[in-house]
Each structure stands twice: as structure tokens, then as C-alpha cells.
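Enquirer: using only what follows, build the 3D model:
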Amino acid sequence: MSVVKDIAAVAKGMGITFGEMFQPTIVENYPDGPGPLKGAKFQERFRGAHVLQRDENGLEKCVACFLCAAACPCNCIYIEADENTEQNRVSGAERYAKVYNIDYNRCIFCGYCVEACPTDAITHGHGFELASFNATNLIYRKEQLLAIKPAQLGEGVTFNKAEMDRQGSTAG
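Expert: Numbering: from 1, shown residues only. Reported below is the predicted structural model:
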């Protein structure tokens, strides 16, 4: 009797598989979708690649306090601090991060570094294409993490709710 049940179960599974073979394929519109996110849709709480933010004057917000590195459970953030001078003003504080590296081989995107930052200098962006065949390419330097423009101008790579709403209304 159990042999008959086994054969019936296999036949049922093969029937489902055979039925699905003739159904149309549904494909997401990535990577060729419209807009800067190219068809990808993100939730507001999505944690992508980190972004080092700038203040309204275009200076770096990071004051090299090392709180993000201390909060990181994976020990993947490496910082070297340096003093600001009148000739070389990098941040609005006395110090700045001369070297700021994040090793994405180790990062678990927990968000503790973002929560620990007193100046909101580090945030999660929407970069999700981090895969690489070479592990040394996954160590992001300060130049790769630094935002091009201040976030309040709406030009940064952090979450821009208005643009996501606009993109959602055109896609649906």
C-alpha cells in the first residue's frame, strides 16, 4: 500500500512540474528598469552599502570618534584620525577620518555603526551590488564611501522617499 502512495505522490509532483512548464515566465525588470535604481524596489529600512555623509557646507561629517568601529560586532571598520588645520579643513570638527575602511568580507549590515554615530556621518545607502570574485575588492576605502553631495540636497545615495514614491507611481 505504501508503494502506491509513493507513486501517487511522485505523480502529483511531476504533474505540478509539468503544468508549470507551459506557464509564462514572470521576470523582474532588473537591471534594465527606469530611473537611478534600475527597477530595484527598496523598503525604507533596507540596509545597503554604507555612505559617509557630508554637511551643508560640503565638509565631511565624520569626526573620527571611533564609536562606529567600537560598536561593530565584526570589527570590520578601520579608522585613522588626523587633525584639521586652517590650510586643510576636511570636517567641521578638530579631527577627521584620514583613513576610513569598511571590509565587506566581514560586515553583516547590522546597523550598529549607524546607530552609534553621534554626527550621523555614516548611513546605509542603497548599494546592493557588492559581489566580487576578488576579496580585496570588498574593502571599501573612504573615497568609495563618501557621498558626492550633502544628503539634504536630495542628491545623495541615501534613501530619498520622494523619489521612491515617484518611481513607484510610474511603475504601477
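Enquirer: where do the strands of the protein begin and end?
Expert: 50-52, 77-83, 95-103, 122-124, 139-140 (DSSP state E).
Enquirer: of all the ones you listed, which lies closest to F42?
Expert: Nearest of the strands of the chain to F42, taken as C-beta to C-beta: strand 122-124 at 10.4 Å. For the C-beta atoms, the positions are set from N, CA and C on the backbone; glycine is no exception.
Enquirer: what are the contacting residues of that closest one?
Expert: Contact partners of strand 122-124, identified using C-beta atoms under 8 Å, 6 or more residues apart in numbering, comprise 46-53, 62, 68, 109, 111, 113-114, 151, 158.
Enquirer: I'd say I79 and A97 touch.
Expert: Yes: shown here, I79 and A97 form a contact pair, counting by C-beta atoms under 8 Å, at 5.2 Å.
Enquirer: would you mind measuring from the nearest residue to R106 once chain neighbours are set aside to V10?
Expert: Leaving aside its sequence neighbours, R106 sits nearest to C76 (C-beta to C-beta, 6 or more residues apart in numbering; 3.9 Å). Distance, C76 to V10, by C-beta to C-beta, to the nearest Å: 47 Å.
Enquirer: quick check: most distant residue from the centroid of this structure.
Expert: M1 (54.7 Å; C-alpha atoms, centre = their mean).
Enquirer: for the spatially most central residue of the chain, give me phi and psi.
Expert: Central residue of the chain (C-alpha atoms, centre = their mean): G48, 1.3 Å from the mean position. Main-chain torsions, G48, degrees, to the nearest 10: phi -100, psi -160.
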